[in-house]
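1. When you get a sec, could you give me coordinates for this:
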Amino acid sequence: MNRYEEYVGQLFDRRYQIEELIGNGGMAVVFRARDTRMNRTVAVKLLRDEFTDDEEAVKRFINESKAVAMLSHKNIVNIYDVSVSEELKYIVMEYIEGVTLESYMKKRGALPFEEICSFSEQILAALQHAHEKGVIHRDIKPQNILLLRDGTIKVADFGIAKLAATKETSNLSGKAIGTVYYISPEQAKGKKVDARSDLYSLGALMYELATGKLPFNSDSTVSIALKQISEAPKKPKELKKDIPNGLSTLILTAMEKNPLDRFESAAQMQKYLQKVKRHPNRAVRLAEAKKRQGTSPMLPIILGILSAFGIALAVAGIFIVKTLFFSGGGNVKIVTVADCVGKIANEELVSSLGNNYTVQFVEAFDKNVEKGVVMSQSPSPGENRRLKGGQTVKLVLTVSAGMEEQILGDYSLQNARTAEISLREKGLGVTVIRERHDAIPGGFVIRTSPEAGATVRTGDIIELYVSSGEEIEYVYVPKFVGMNEKDALVALLEADLDVGEITYEYSKKEKAGVVLKQSIEPDRRVAKFVTKIDFVLSKGPEPAVTTSPGTTDAATGTGTSAADTTGKETGKVTGSATAAVTTSAETTGAAETTGAVSQNP
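-> Numbering: from 1, shown residues only. All right, here's what the predicted structure looks like:
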């Protein structure tokens, strides 16, 4: 059983009845629950145990609630309550019956023009509302976009959101924030972000919606971050011919490297999207951006990225781009291309070339050339290049990656989509096989075949066994109210449910032992074997307070005598009175009662 399945059936803070585990994330797990006070279904997002003592994680978790508490919009998942204690740290949110955009894309692939426009308009509406409140999401990606059956979009997970009015920086513990496939260049650099950073991420998401492919991909997060900063993505229309030119140019405008060249706001982008809907093939053209003087070198940026992602500089296996600009007064000079073949590809080689080159390393397998050595180059050594002003020679160096054989990494417990992308980028084929697993959450890798550590060759097919989640059996809660205690227990056991707390109350209507109340209402779908139900049983009618007959008030000397068995009226006795009652029992068991009253004159 999943460790967090143990919470199913529990009552958080005497209010939230946990019903089902419905999601697993890197930092939190999500349950469907019942708000017993408001009588509504909610989602409870519980911080994982391993993060409860992590101050940064708790801060991020609380920050999500603080950010979303400011927001109220039909396209944003609402937050109802927050609880942070020593035992539990959780957020109570609006329960959404739908799928993530990631899941939807996996089934559908590239989406039609109309759906892309509909989804994007709703995301833009949500972002505009958040930005107006000073909240920047900073992690727009398909996993954080929920799609309802009626086509409504809900933006979720403001876990790394930034409150624009605060002094909070754009990173946590010096690490880059956001998912590398969708982060803006300024996020990749660890620089200050604003609303336009969200628009870049939305552009990257729209790129994937339209083409079915990520705008940038690589084996390494650093490589992807570098591409986000320095490379232009292929035009969506080049990857998929039927994409309207208007949509293609709108996406590329949102993904401009410099924030000044993007849309100024979500509202402006939405306005242009409306134009694209009316004229799909008309290109989007923003007013010409102001020309900017000078460009900072790329090397400090690369070092910043490596620091932000906590990764040491690796020479082989990633793209390293070093662009050196120099001032030129319009003079023309001839540069003879240097010979780099046979040299070790490292920073020293790049530095030795001087300011006349823009260098790019490209990997290729070759069993005959040692790994990390330059095998070939373009342009060829000895060629002359005519340079004017600030122009440089673009030098592409092909570096040996060694033998084509490689050791298969361990992908267990990784997100299946991330693992599949990584394997394909390594030149390996992938077959996904889904099976149930009690401990590993759905969507995560159980194992591979061949196993991790095996030697594989390019083109080999790797079987990726992915968990579809634990097989949980469910049952509908019977109606126990009105049953006697014995029958209720039998029905409970037959339904594979457990007894919770039992309390008792007096009842005028029900005799002792009859069920008056049950903690989970009838016909509610709950998990078998782990759900407990509390009961309130009847104690029967509350006993009445009685007074004994024939009593005499000593203070007043007055008394009353009950009517005899013949039905005579009771007689009031005043003054000095004595009352005698005698009872004799016959041997047959019958009783005769005689009452005699005498009064002295």
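2. Val456 against Pro450, yeah?
-> Yes: at 6.4 Å, Val456 counts as touching Pro450 under the criterion of C-beta atoms under 8 Å. Placement of C-beta: from N, CA and C, glycine included.
3. Okay, helices next: where are they in the stretch 151-300 of the chain?
-> 185-188, 195-211, 221-230, 236-239, 245-254, 266-278, 298-308 (DSSP state H, counting those that start in this stretch).
4. Mind checking these for the one nearest to Tyr476?
-> Checking the helices of the stretch 151-300 of the chain against Tyr476 by C-beta to C-beta gives helix 195-211 as the closest, at 38.6 Å.
5. where does this structure have low pLDDT?
-> By pLDDT under 70, the weakly predicted segments of the chain are 1-2, 26, 60-68, 159-178, 287-330, 367, 403, 469-472, 546-601.
6. quick one, domains of it?
-> Per the record, the chain has its domains at 1-95, 99-287+298-313, 314-400, 406-467, 474-538, 552-599, by automatic domain parsing.
7. Compare Val456 and Pro450 and say which is more crowded by neighbours.
-> Using other C-beta atoms under 10 Å as the criterion, Val456 and Pro450 rank with Val456 on top: 19 against 14.
8. List the contacts of the closest residue to that one other than its chain neighbours.
-> Nearest non-adjacent residue to Val456, counting by C-beta to C-beta, 6 or more residues apart in numbering: Leu408, 5.1 Å away. Taking C-beta atoms under 8 Å, 6 or more residues apart in numbering as the criterion, Leu408 is in contact with 448, 450-456, 462.
9. Turn these into JSON lines, including secondary structure and distance to Thr211.
-> What follows is those, written out as JSON lines (DSSP: H, G, I helix; E, B strand; the rest coil; distance: C-beta to C-beta, whole Å):
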{"residue": "Thr448", "secondary structure": "strand", "distance to Thr211": "28"}
{"residue": "Pro450", "secondary structure": "coil", "distance to Thr211": "32"}
{"residue": "Glu451", "secondary structure": "coil", "distance to Thr211": "34"}
{"residue": "Ala452", "secondary structure": "coil", "distance to Thr211": "32"}
{"residue": "Gly453", "secondary structure": "coil", "distance to Thr211": "35"}
{"residue": "Ala454", "secondary structure": "coil", "distance to Thr211": "33"}
{"residue": "Thr455", "secondary structure": "strand", "distance to Thr211": "34"}
{"residue": "Val456", "secondary structure": "strand", "distance to Thr211": "29"}
{"residue": "Ile462", "secondary structure": "strand", "distance to Thr211": "25"}
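10. returning to that earlier point: hey, what's in contact with both of Val456 and Pro450?
-> Residues touching both Val456 and Pro450 by C-beta under 8 Å, 6+ apart: 408, 462.
11. Would you tell me what helix or strand Glu115 is located in?
-> helix 113-132 (DSSP states H and E).
12. check contacts around the residue lying closest to Ser449 once chain neighbours are set aside.
-> Nearest non-adjacent residue to Ser449, counting by C-beta to C-beta, 6+ apart: Glu463, 4.1 Å away. Shown in contact with Glu463 (C-beta under 8 Å, 6+ apart): 431, 433, 448-449.
13. out of the residues you listed, which is most surrounded?
-> That'd be Thr448 among the contacts of Glu463, by other C-beta under 10 Å, with 21 neighbours.
14. Was I right to think that one contacts Tyr411?
-> Yes: assessed by C-beta under 8 Å, Thr448 is found in contact with Tyr411 at 5.7 Å.
15. can you list residues touching both of these two?
-> By C-beta under 8 Å, 6+ apart, the residues touching both Thr448 and Tyr411 are Leu464.
16. The residue nearest to Leu127 when sequence neighbours are not counted and Arg138, how far apart?
-> Distances taken as C-beta to C-beta, 6+ apart place Ala266 nearest to Leu127, at 4.2 Å, with adjacent residues excluded. Ala266 sits at a distance of 14 Å from Arg138 (criterion: C-beta to C-beta, to the nearest Å).
17. same deal with Leu202?
-> In this view, Leu202 and Arg138 are 12 Å apart by C-beta to C-beta.
18. more neighbours, these two?
-> Neighbour count, other C-beta under 10 Å: between Leu202 and Arg138, Leu202 has more, with 25 against 21.
19. List the residues that contact that one.
-> Applying C-beta under 8 Å, 6+ apart to Leu202 gives the contacts 120, 123-124, 127, 140, 254, 269.
20. Quickly find the element holding Ser503.
-> To be clear, residue 503 is Thr; Ser isn't right here. Element membership for Thr503, per DSSP H and E: strand 498-505.
21. how about that strand: buried residues?
-> If you call a residue buried by 16 or more other C-beta atoms under 10 Å, then strand 498-505 has these buried ones: Gly500.
22. Run the chain-centre distance for that strand.
-> Centre-to-centre, strand 498-505 and its host chain are 35 Å apart (C-alpha atoms, centre = their mean, to the nearest Å).
23. Report all helices and strands that it contacts.
-> Applying 3 or more C-beta pairs under 8 Å, 6 or more residues apart in numbering; DSSP states H and E, one finds that strand 498-505 contacts helix 485-494, strand 532-538.
24. For Lys275, find the nearest of these.
-> Nearest to Lys275, of all the helices and strands packed on strand 498-505, is strand 532-538, at 57.6 Å by C-beta to C-beta.
25. Against which helices or strands is the closest one packed?
-> Packing partners of strand 532-538 (3+ C-beta pairs under 8 Å, 6+ apart): helix 485-494, strand 498-505, strand 515-518.
26. And the contacts of the second one?
-> What it means is strand 498-505. Applying C-beta under 8 Å, 6+ apart, the contact partners of strand 498-505 are 9, 489, 492, 516, 519, 529-539.
27. does Val374 count as helix, strand or coil?
-> Assigned with DSSP: H, G, I helix; E, B strand; the rest coil, Val374 falls in the strand class.
28. which residues does it contact?
-> Residues in contact with Val374 (C-beta under 8 Å, 6+ apart) are 340-345, 349, 397-400.
29. Now do the SS call for Val432.
-> Val432 - assigned by three-state DSSP - is strand.
30. wait, Val350
-> Assigned with three-state DSSP, Val350 falls in the helix class.
31. quick one: it from Met375, how far?
-> Where Met375 is concerned, Val350 sits at a distance of 17 Å (C-beta to C-beta).
32. same thing with Leu250?
-> Look at Leu250 and Met375: by C-beta to C-beta, they are 41 Å apart.
33. These two - which one has more neighbours?
-> When Leu250 and Met375 are compared for neighbours, Leu250 comes out ahead with 25 against 19, by other C-beta under 10 Å.
34. OK, contacts around that one?
-> Neighbour list for Leu250: 206, 269, 272-273, 276, 284 [criterion: C-beta under 8 Å, 6+ apart].
35. Relative to Pro244, which of those residues is nearest.
-> Taking C-beta to C-beta as the measure, Pro244 sits nearest to Val276 out of those, at 7.1 Å.
36. and the closest one, what does it touch?
-> Taking C-beta under 8 Å, 6+ apart, we find Val276 in contact with 117, 244, 246-247, 250, 282, 284.
37. One more: Thr52?
-> Thr52 makes contact with 58, 89, according to C-beta under 8 Å, 6+ apart.
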